[in-house]
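**Student:** how would this look folded up:
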Amino acid sequence: MNMNAQDARAFLQGLFGAAVDAVGAARCLPPHLPRSPEQGRTLVLGAGKAAAAMARSVELHWQGALSGLVVTRYGHGAPCQTIEVVEAAHPVPDAAGRNAAARMLALAGALTEHDLVLCLVSGGGSSLLALPAPGVTLEHKQAINRALLKSGAPIAAINCVRKHLSAIKGGRLALACAPARVVTLLVSDVPGDDPGTIASGPTLPDPTTCADALAVLREYGIATPPEVRAHLESGAGETPKPGAPGFERNSVQVIAAAKDALAAAAAFARAAGITPLILSDAIEGEARAVALEHAALARRVALQLVRPCVILSGGETTVTVRGTGRGGRNAEYLLSLALALDGARGVYAIACDTDGIDGSEDNAGAVCGPDTLERAAALGLDGRSLLENNDAYTFFAALGDLVVTGATRTNVNDLRALLVL
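**Tutor:** Sure, this is the predicted structure:
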């Protein structure tokens, strides 16, 4: 196939766009809406980067009266008429998220057995539902959250801690809604799509324990204030467990996940005459180490498989932050990949977060190709030094190779594509 560098990059960005479109609320949510209650009212509660877009989709398709409150990241709002949208901070929580979570618990406390709660949850909800447990302060949660995000801990471990320091996550929101029926619709941003891990499972019982949370803090060397340690050691932060009363009438459904984005990306590739190979929708690990594995795979594909081919993967890598640069796990993955490929001919790549934000930066990710290191050298950029300083954003910004989409209002985590021509 004749495809120059410009064509290859345009193909990869088009593929990413198709993947994001496939997991948007407007497409994924309407088929999963329950029937409105015959006697009671419907209350919508929600949190996450997709929460406002989900609320908007509910309003457009719901038959009957609605009210409610959802909280989303700053800049991720959507126009709603009867469901209030609050914006708050992510990934480190703030007072706006704390206040929104407290208001949700207050709304939940006025429900009857005839009412329906439609809970709209997506990735990012853990930070946005920032209501500390008694004895734990918002400042405690902010400090621990910052440290965990830099530690390289996987999302399941981070959310285990978050659940046990919260007054609303880990199933507590569902219990507050009782005796109303709770229907939870989820957009998954976690490898494996465990409903209880997505946004720290505000409406799901939790099998993890305070002891598990303490073990995570020890393993990753997280400084733990005495008040937090006492809260966990006393068992005061224990979450409701599977089988606990209060969840019997509730239901949960994952309406969009990484596998759906990858399927759309594969369909986009096939339509362009390019063979897709889906590795996994649940890849985890240190970003730069995963990149080394994928570089080796791309070289094998170039030698052994019919070309052109695009290697697709989803999931969530991690970055253990030791430097002082501007990073993002997708940019770090790509810089490590470019260094490992070392200008290998005919291999291009994109790595982006489907929410449009690579970590906490203003880009979704970046693209690279066979000329990346050569162009960087011409600008005096030392890729290895920048990688060691966790400064991949600076590297790709200088090349003009950042992918900037703005808020997509969905979130099924990362999508990576290696095009082998």
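**Student:** low pLDDT regions in the stretch 251-400 of the chain?
**Tutor:** 305 (pLDDT under 70).
**Student:** so where's the stretch 1-150 of the chain shaky on pLDDT?
**Tutor:** For the stretch 1-150 of the chain, the ranges with pLDDT under 70 are 1.
**Student:** mind listing what the nearest residue to residue 296 once chain neighbours are set aside touches?
**Tutor:** The shortest distance from residue 296 to any non-neighbouring residue, by Cβ to Cβ, 6 or more residues apart in numbering, is to residue 340 (7.6 Å). (C-beta placed from N, C-alpha, C; glycine too.) Taking Cβ atoms under 8 Å, 6 or more residues apart in numbering, we find residue 340 in contact with 291-292, 295-296.
**Student:** And the residues you listed, which of them are buried?
**Tutor:** Neighbour-count burial within the contacts of residue 340 applies to 291, 295; the criterion is 16 or more other Cβ atoms under 10 Å.
**Student:** mind checking the backbone torsions on the residue nearest to residue 296?
**Tutor:** Reported as degrees, to the nearest 10, the phi and psi values for residue 340 are phi -70, psi -40.
**Student:** quick one on the thing from earlier: just put the contacts of residue 340 in CSV and tack on distance to residue 232 and secondary structure.
**Tutor:** Below are these laid out as CSV (distance: Cβ to Cβ, whole Å; DSSP: H, G, I helix; E, B strand; the rest coil):
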residue, distance to residue 232, secondary structure
291, 36, helix
292, 37, helix
295, 41, helix
296, 42, helix
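**Student:** Could you point out which of the contacts of residue 340 is nearest to residue 166?
**Tutor:** Nearest to residue 166 among the contacts of residue 340: residue 291, at 33.8 Å, using Cβ to Cβ.
**Student:** so the closest one makes contact with residue 331?
**Tutor:** No. With contact defined as Cβ atoms under 8 Å, residue 291 does not reach residue 331; the gap is 10.8 Å.
**Student:** Start and end of stretch 400-407, how far apart?
**Tutor:** Distance between the two ends of stretch 400-407: 20 Å, counting by Cα to Cα, to the nearest Å.
**Student:** scratch that, stretch 242-251
**Tutor:** Termini of stretch 242-251 sit 13 Å apart (Cα to Cα).
**Student:** which residues of the stretch 201-350 of the chain fall in strands?
**Tutor:** All strands of the stretch 201-350 of the chain, identified by DSSP state E, counting those that start in this stretch, fall at 251-256, 275-286, 309-318, 347-353.
**Student:** Most tightly packed of those strands?
**Tutor:** Mean neighbours per residue, mean count of other Cβ atoms under 10 Å, is largest over those for strand 347-353, with a mean of 28.
**Student:** Report the angle between it and strand 309-318.
**Tutor:** 40 degrees (axes from the mean of the first three to the mean of the last three Cα atoms, to 10 degrees).
**Student:** Note down every partner strand of strand 347-353 and its orientation.
**Tutor:** strand 365-368 (antiparallel), strand 414-420 (antiparallel) (DSSP bridges).
**Student:** Of these, which is nearest residue 35?
**Tutor:** Going by Cβ to Cβ, the one of the strands paired with strand 347-353 nearest residue 35 is strand 414-420, 34.1 Å.
**Student:** For residue 380, grab the count of nearby residues.
**Tutor:** Each residue near residue 380 was counted by other Cβ atoms under 10 Å, and the total is 7.
**Student:** Got phi/psi on it?
**Tutor:** According to degrees, to the nearest 10, residue 380 has phi 80, psi 20.
**Student:** isn't residue 95 right next to residue 138, touching?
**Tutor:** Yes. At 6.7 Å, residue 95 and residue 138 qualify as touching, with contact defined as Cβ under 8 Å.
**Student:** which one of the two has more residues nearby?
**Tutor:** residue 138 (15 against 11).
**Student:** Verify the stated contact: the more buried one with residue 89.
**Tutor:** No. Residue 138 is beyond contact range of residue 89, at 10.7 Å (criterion: Cβ under 8 Å).
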